[in-house]
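> Mind folding the following:
(one chain, ligands or ions: 1)
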Amino acid sequence: MEYFLIEGGKPLNGSVRASGSKNAALPIIAASILSTTNKVVLKNIPMLKDIETMIELLKSINVDIKFNKSRKEVIVKPTTSSYKEPPYELVRKMRASFNIMGPLLTRKNKIRIPFPGGCAIGTRPIDLHLKGFAMMGVKIDINSGYVLANSKHLHGSEIYLDLPSVGATENIMMAAVMAKGKTIIRNPAREPEIVDLANFLNSMGADIEGAGSDTIRIRGVNSLTGCTYRVMPDRIEAGTYLIAGAITRGKVKVTNVIVEHLASLIDKLKEAGLQIVTGANWVEVRPCKEIKGVNVKTLPYPGFPTDLQSQIVALLCTAKGTSIVTESIFDKRTAHVPELKRMGADISVDGNNIIINGRKKLTGAEVIAPDLRAGASLVLAGLAAEGTTKISDIFHIDRGYENIEEKIQKLGGHIKRIGKESVPKAANI
Ligand code: EPZ
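Prediction:
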């Protein structure tokens, strides 16, 4: 199995470019099947395992889709042939696969889709997705691990989300764009990825207003056509590299970002004493005399993102003083804590609070990546620690970080991937 070997203790310096956003690209690729005329061309698509899984899923249900990795482009051609049932093993493999349900409800009257699994960060129910579909006239049955949906009478509705679920907002939006009449989503997720999806759907001829606000209004249209669309930069990848600069006491500039997407992280890093400089489409973190412990609470956007929680926890393990990080989005996003402890962190979990007493130094150790963002936090800790860190199960990290070792090496970090399978870089799939 592949693993990372990291020699830590060296400040990272230089500039790194953010890739396209995984969490914007996944629903947008799924939504591409809504075009019944002309092809969809998606640009700035990152080479990630999760993207490949989504593409595999769409191919498995008969979608004509190609990923030109060297051009970072995905092309989806409309097909009149009917779609097959999404296969169990692919939907179980990646929760985001469930976002195929919204578009499929528009293209097929009857759907059978496996119940998506939970994962290392929590139970991750889909009740809000199903509540929204049911209010739009979809008949939902659940048995033996499958969701059976009959969408013969898909119509608009006024839907209140008990909590601002990103996936539920995306799925309902994709089902509503061609439903009869108007749909209003109250208390939707306001993440930038929601706005990107709405912009993409509107480029196809949809009629969506209010994405990014507390109410989204959608007027159903009769058809959608292909378009060319460039997905937004990945704010979580960008934030991870800013924290990499901070934890190694270096000077790192991340380019090709939308600065306002990083506002909550920038504010927290400043509160911890770091110098942050911003430009039109870049953010730079510079070293400071001493990083102070701060309290963090993860919240729906524009609050501090849960997807940067593990990473800032790693940083606060090296800050001066005590920090309390409260995870309010997921019920189990603490798998990084025992691994950071192995690296000498003074850290503990109390309910959904992570309590950290900062230390001067972490020490390299053998650790295992438990999930995508926890894995990223171990890379950051390894880059800061004294000595060598070996991180196993790095397939989790490859789900969400494009060319991570090359990007870190470019910043002067000593990281090597051992046991790499020879996958041709520019293979089209
Ligand atoms: C998206 O997941 C992201 N994934 C996650 O990023 C991100 O952490 C999450 O949004 C929150 O920002 C993608 O976009 C592919 P949610 P999603 O529905 O849509 C509860 C990463 O690291 N909930 O907003 O699954 C749920 O249990 C990944 O890139 C319900 O109770 O997140 C959770 O506690 C990890 N019922 C909370 O809402 C529902 O029907 C937020 O979940 C749906 C969700």
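> now check the helix or strand of the chain with the lowest mean pLDDT, is it near the ligand?
The least trusted helix or strand in the chain, going by mean pLDDT, DSSP states H and E, turns out to be helix 88-93, with a mean of 86. No. Applying CB under 6 Å from any ligand atom, one finds helix 88-93 separated from the ligand by no less than 12.8 Å. Bear in mind the C-beta positions are built from the backbone N, C-alpha and C, glycine included.
> Same question for that helix: list its buried residues.
By 16 or more other CB atoms under 10 Å, the buried positions in helix 88-93 come out as 90-91, 93.
> Looking at the residues you listed, spot the one nearest R217.
Nearest to R217 out of the buried residues of helix 88-93 is V91 (CB to CB; 30.1 Å).
> and the closest one, what does it touch?
Residues in contact with V91 (CB atoms under 8 Å, 6 or more residues apart in numbering) are 57, 97-98, 100, 113-114, 116.
> Compare these and tell me which has the most neighbours.
With neighbours defined as other CB atoms under 10 Å, the most crowded of those is I100; it has 28 neighbours.
> Are we agreed that that one is in a helix?
Yes. Under DSSP: H, G, I helix; E, B strand; the rest coil, I100 sits within a helix.
> Give the closest residue to it in space, chain neighbours not counted.
Of all residues not flanking I100 in the chain, A30 sits nearest, at 4.9 Å (CB to CB, 6 or more residues apart in numbering).
> Next: G321.
Leaving out its chain neighbours, the residue that sits closest to G321 by CB to CB, 6+ apart is G293, at 3.5 Å.
> distance of the one you found from the ligand?
According to CB to the nearest ligand atom, to the nearest Å, G293 and the ligand sit 24 Å apart.
> same deal with P86?
P86 sits at a distance of 16 Å from the ligand (criterion: CB to the nearest ligand atom).
> same deal with S32?
Per CB to the nearest ligand atom, S32 is found 16 Å from the ligand.
> Same check on G400?
To the ligand, G400 is 5 Å away according to CB to the nearest ligand atom.
> Going forward, count from 286.
Noted, 286 is the first residue going forward, which turns the last one into G685.
> so who does that residue touch?
So G685 contacts 307, 333, 335, 521-522, 657-658, 661 (CB under 8 Å, 6+ apart).
> one more time with 10 Å
For G685, the contacting residues are 304, 306-308, 331, 333-336, 519, 521-522, 525, 592, 656-658, 660-661, by CB atoms under 10 Å, 6 or more residues apart in numbering.
> Please enumerate the helices of this structure.
Using DSSP state H, the helices of the chain run over residues 307-316, 334-345, 373-378, 386-392, 412-420, 451-461, 477-488, 520-532, 548-556, 594-601, 621-627, 657-669, 680-683, 689-695.
> give the contact list for whichever residue of the chain sits closest to the ligand.
Shortest the chain-to-the ligand distance, computed as CB to the nearest ligand atom: residue-wise this is G452, at 2.8 Å. Taking CB under 10 Å, 6+ apart, we find G452 in contact with 308, 311-312, 380-381, 383-384, 386-387, 401, 409, 411, 413-414, 474.
> filter those by proximity to the ligand?
Applying CB under 6 Å from any ligand atom to the contacts of G452, one finds that 308, 311, 380-381, 409, 411, 413-414, 474 fall near the ligand.
> Of those residues - the most surrounded one?
Highest count within the ones next to the ligand among the contacts of G452 by other CB under 10 Å belongs to L311, 27 neighbours.
> K701: how many residues sit nearby?
By the measure other CB under 10 Å, the count of residues near K701 is 12.
> which ones are touching E287?
Contact partners of E287, counting by CB under 10 Å, 6+ apart, are 676-680, 682-683, 702-706.
> what does this structure put close to the ligand?
The chain comes close to the ligand at residues 308, 311, 380-381, 407, 409-414, 448, 450-453, 474, 591-592, 614-615, 657-658, 685, as judged by CB under 6 Å from any ligand atom.
> still on that earlier bit, how about the contacts of V376 in a markdown table, adding pLDDT?
Formatted as a markdown table, these follow (pLDDT from 0 to 100):
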| residue | pLDDT |
| --- | --- |
| L342 | 95 |
| S382 | 90 |
| F383 | 93 |
| I385 | 94 |
| I398 | 92 |
| P399 | 90 |
| P401 | 83 |
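> Switch these over to a markdown table; also include distance to L625.
As requested, the contacts of V376 are exported to a markdown table (distance: CB to CB, whole Å):
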| residue | distance to L625 |
| --- | --- |
| L342 | 34 |
| S382 | 30 |
| F383 | 31 |
| I385 | 35 |
| I398 | 37 |
| P399 | 34 |
| P401 | 28 |
